[in-house]
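Undergrad: Sequence and computational prediction follow.
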Amino acid sequence: MMQMNHGNGRRMRRTLIAGGVTAALALSLGGCATASNDAPAAVDGGGLGTADKPVEITMIANDGYAKQWQENMVPEFNKEFPNIKVNIEGVPYGDQLSKTLLEMTAPEPRYDIVMADDNWIPQIASTGGLLDLKAGAAAWTDEDYDWDDFYPAALAAGEWDGKQYGVPTRSNLLMMFTNKSLYEKAGLEAPTPEITWDEYMEQAPKLVQDTDGDGAVDAWAVGTYFVRDSLTPTIWQTILNSNGGKLLDDDGTVAFDNKKGVEALQTQMDLLQYAPPGASTWQFNEPLEAFRQGRLATMFTWGSVYRGTAVDPTTTTLTPEQVGIQTLPVGSASAGAHRGVWSAAISSKSAHPEASWALVQWLTSKAGEKWQSNTLGVFPARQSTLNSTPEQEWLVPVFAAIKEGFEAVDAGQMWRPRMVESDAVQQILADQTGEAIPGQITAQEAVDTMSADITKLLK
């Protein structure tokens with residue numbers, strides 16, 4: 001386990017700098033604290049606590065990783081910052097945004113740190129409840145933090161309206177997983193990142209097979225999101241982007257109501273015929289379980305599940321030698337991927353913004369990110385991390401795939417809409433995609449309805 005220690009001297013330097021800024025602000029503001037998102041909520045930052053008077057901060061996070069952080073990350077953080085007590089409250093994904101918005105608009109919100117999914121930052125920031133980190137936390141930021149080391153596409157997930165409200169703490173990308181053993185049984189070479197969608201769809205029927213010779217099909221070509229869910233459209237959105245298309249133009253007008261949009265959705269619809277029976281109801285967990293049981297040749301899902309899919313024997317029947325990870329098939333413009341970055345943001349009303357930033361900065365620093373990646377298997381967002389040699393051998397091909405994925409994401413702007421109405425737009429896409437995939441409406445009808453509804457929403 002990697003030890004991290006920025007040193008007592010650096011903490012003292014931060015405290016002295018913060019103290020100087022505090023004095024200046026006190027003179028200019030007459031000692032009054034502000035609650036804007038351009039400056040710390042508490043003029044003195046709330047401090048880092050002492051042995052006699054520790055400070056306590058609370059974070060809201062997705063329950064998929066909140067417990068892991070509380071049990072593994074917090075004790076590591078407390079080795080350097082023993083006087084900051086951290087409570088992490090895990091919340092189901094479907095409830096997290098609404099609960100966060102409710103707290104951010106409360107007079108005295110409970111949460112000092114909020115974790116925001118990729119497309120939530122604009123909506124949460126629009127409440128005025130988030131701290132602009134580059135401005136408001138500058139006095140407490142280490143000189144070697146190096147903002148420029150983050151992949152631009154990853155850091156941009158926490159940016160809105162020219163301000164940096166969040167930093168990537170759990171990067172993620174939509175990736176293609178492959179079961180090399182099932183490809184071999186089908187008489188096919190394992191795919192490379194150069195495989196195109198046409199080539200993939202040509203191979204798919206051969207990957208629906210009887211592997212044990214009993215006359216019954218027991219392995220299928222693909223598993224992914226198919227049911228009405230906010231993340232289901234990210235599959236055809238990625239296909240659209242890889243073909244040079246996009247959801248919205250820069251002025252916010254619909255840009256997918258064309259042949260590229262219809263063909264992208266149709267491709268996702270066509271995948272269903274090569275998936276197991278009943279796959280039309282699949283969300284996140286079902287394809288993941290089927291792949292780990294060796295029933296799927298490919299899976300399109302979030303790359304962060306790799307460790308539990310290829311490495312951990314308590315959760316998978318597969319091994320790293322059997323499992324490949326790469327970008328989605330290549331379209332007419334590029335390979336496909338889709339950004340899914342969780343960013344950590346700080347409440348502008350927090351009584352302890354300095355302690356909150358101490359945790360976020362520690363976790364997202366060069367050393368902190370390497371610790372989290374090597375220890376917890378979390379995807380990094382820094383170029384220095386992805387260009388380093390990981391401690392775990394299984395991470396070597398994963399790092400290579402992430403680098404290719406970030407390059408594709410950056411070039412094709414492969415992410416969900418960046419606007420206050422992003423969640424509502426994604427729900428419109430989910431509703432119509434959820435009807436099109438099982439064949440209740442055609443791809444053209446779905447695209448027409450999505451286009452009309454989004455245009456109406458954004459007027």
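TA: Received it, and whenever you're ready, just let me know what you need.

Undergrad: Residue 126 contacts residue 419, doesn't it?
TA: No - counting by CB atoms under 8 Å, residue 419 is not a contact partner of residue 126; they are 9.5 Å apart. Placement of C-beta: from N, CA and C, glycine included.

Undergrad: And the contacts of the helix or strand where residue 89 lies?
TA: Counting by DSSP states H and E, the element that carries residue 89 is strand 84-91. By CB atoms under 8 Å, 6 or more residues apart in numbering, the residues outside strand 84-91 that reach it are 48-49, 54-64, 66-67, 69-70, 74, 77-78, 99, 111, 355, 358-359.

Undergrad: Any buried residues in the helix or strand just after that strand, and which?
TA: Where DSSP H and E defines the elements, the next helix or strand beyond strand 84-91 is helix 93-104. Residues of helix 93-104 classed as buried: 96-97, 99-101, 103-104 (neighbour count, 16 or more other CB atoms under 10 Å).

Undergrad: Backbone dihedrals for residue 343, both of them.
TA: Residue 343 adopts backbone torsions of phi -110, psi 140, taken as degrees, to the nearest 10.

Undergrad: Look up which residues are beta-bridged to it.
TA: residue 116, residue 168 (DSSP bridges).

Undergrad: what ranges do the helices span in the stretch 151-300 of the chain?
TA: 152-155, 180-185, 197-203, 233-242, 259-271, 285-292 (DSSP state H, counting those that start in this stretch).

Undergrad: Relative to the whole chain's centre, how far out is the strand holding residue 89?
TA: A distance of 20 Å separates the centroid of the chain from that of strand 84-91, by CA atoms, centre = their mean, to the nearest Å.

Undergrad: What about the residue nearest to residue 210 when sequence neighbours are not counted, how many residues nearby?
TA: What sits nearest to residue 210 in space, not counting adjacent residues and going by CB to CB, 6 or more residues apart in numbering, is residue 217, at 5.5 Å. By other CB atoms under 10 Å, 13 other residues sit near residue 217.

Undergrad: From what I see, residue 217 and residue 209 are in contact.
TA: Yes - counting by CB under 8 Å, residue 209 is a contact partner of residue 217 at 6.6 Å.

Undergrad: Okay, helices next: where are they in the stretch 351-459 of the chain?
TA: 353-364, 366-376, 383-386, 395-412, 422-436, 443-458.

Undergrad: Compare those helices and give me the one nearest residue 242.
TA: helix 395-412 (6.4 Å; CB to CB).

Undergrad: quick one: buried residues of that closest one?
TA: So helix 395-412, judged by 16+ other CB under 10 Å, has buried residues 395, 397-399, 401-402, 404-410, 412.

Undergrad: for stretch 293-300, same thing?
TA: Those would be 294-300, for stretch 293-300 by 16+ other CB under 10 Å.

Undergrad: same deal with stretch 342-353?
TA: 342-353.

Undergrad: Quickly check those for the two that are furthest apart.
TA: Counting by CB to CB, the most remote pair of the buried residues of stretch 342-353 is 342 and 351, 24.1 Å apart.

Undergrad: Which SSE is immediately downstream of the helix or strand of the chain with the lowest mean pLDDT?
TA: Least confident helix or strand of the chain, by mean pLDDT, DSSP states H and E, is helix 8-29 with a mean of 37. With elements assigned by DSSP H and E, the helix or strand that comes after helix 8-29 is strand 55-62.

Undergrad: report the angle between the axes of that next one and helix 93-104?
TA: 140 degrees (axes from the mean of the first three to the mean of the last three CA atoms, to 10 degrees).

Undergrad: Quick one: distance of the helix or strand that comes right after strand 55-62 to the chain centre.
TA: Following strand 55-62 in sequence order, the next helix or strand is helix 66-68 (DSSP H and E). Mean-position distance between helix 66-68 and its chain equals 16 Å (CA atoms, centre = their mean).

Undergrad: Which positions in helix 66-68 come out as buried?
TA: residue 66.

Undergrad: got the contact list for it?
TA: Against helix 66-68 from outside (CB under 8 Å, 6+ apart): 88-91, 376.

Undergrad: how about a cut-off of 7 Å?
TA: Contacting residues not belonging to helix 66-68 are listed as 88-90, 376 [CB atoms under 7 Å, 6 or more residues apart in numbering].

Undergrad: Give the next helix or strand downstream of it.
TA: In N-to-C order, the element after helix 66-68 by DSSP H and E is helix 74-78.

Undergrad: Tell me how many other residues surround the residue nearest to residue 433 when sequence neighbours are not counted.
TA: Nearest non-adjacent residue to residue 433, counting by CB to CB, 6+ apart: residue 233, 4.7 Å away. Counted by other CB under 10 Å, the residues lying close to residue 233 total 29.

Undergrad: so residue 233 makes contact with residue 430?
TA: Yes - with contact defined as CB atoms under 7 Å, residue 233 and residue 430 form a contacting pair (5.8 Å).

Undergrad: okay, residue 43: pLDDT?
TA: In the predicted model, residue 43 carries a pLDDT score of 57.

Undergrad: what's the burial count for residue 308?
TA: Using other CB under 10 Å, residue 308 has 14 other residues around it.

Undergrad: Name the SS class of it, please.
TA: helix (DSSP: H, G, I helix; E, B strand; the rest coil).
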